[in-house]
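Participant: got a predicted structure plus its sequence, pasted below:
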Amino acid sequence: MARLVATIALLVVIVPARHTRASSLDDFARCLGRAGAVYYTADWCPHCAQQNRMFGKSIRYLRVVDCTRGCDGVAAFPTWRFHDGTRSSGVASFELLARRTGCRLDDARDERRRDDDVIRSSGSGGRERYVGGAKIIDVR
């Protein structure tokens, strides 16, 4: 009996803590939708897949437009359009989305690798770097 009470007490403590973290990302995604942010994506886009992984299951709360077969006025993926009509192309950090929409993200963190910080030498004598998920090759 004591073991059963201890197990229930442990579940009462652990389960809400895990749910709170997920709920925060859910709430953030819902807020983005209410703020008028629209996420344009394509199935074949690896950067879109990276953006999708950032949101996980919470992506269902975003306003998503599938441009796999094309969308008028969208030339790069992923692209975010905001309520004021401005756009941002490339993988958007949670911080950028929060700044552009006024939505807050408290517990969930942008765990994606900072591609902006990756610089490598390429075989052609130039440098490769990543900006907003796009590969840039600087040629000398």
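Facilitator: Good, I have the coordinates. It should be emphasised that the depicted structure is a prediction, and the values quoted were computed from it without experimental measurement.

Participant: got the end-to-end distance for stretch 46-64?
Facilitator: Chord length of stretch 46-64, first to last residue, is 16 Å (C-alpha to C-alpha, to the nearest Å).

Participant: equivalent analysis for stretch 53-73, please.
Facilitator: Chord length of stretch 53-73, first to last residue, is 25 Å (C-alpha to C-alpha).

Participant: which residues sit against that stretch?
Facilitator: Applying C-beta atoms under 8 Å, 6 or more residues apart in numbering, the contact partners of stretch 53-73 are 22, 25-26, 28-30, 32-33, 36-44, 52, 74, 77, 91, 94, 110-112. In this view, the C-beta of every residue, glycine as well, is placed from N, C-alpha and C.

Participant: which parts of it are buried?
Facilitator: When burial is assessed from 16 or more other C-beta atoms under 10 Å, stretch 53-73 yields the following buried residues: 54-55, 58-59, 61-62, 64, 67.

Participant: quick one: the strands in the chain, in order.
Facilitator: 38-41, 63-66, 79-81, 87-89, 119-121, 127-131, 134-138 (DSSP state E).

Participant: quick one on the thing from earlier: give me the buried entries from the contacts of stretch 53-73.
Facilitator: By neighbour count, with 16+ other C-beta under 10 Å, these hold 25-26, 28-29, 32-33, 37-42, 52, 74, 77, 91, 94, 110 as buried.

Participant: go through the strands of the chain and find the least confident stretch.
Facilitator: Lowest mean pLDDT within these: strand 119-121, at a mean of 45.
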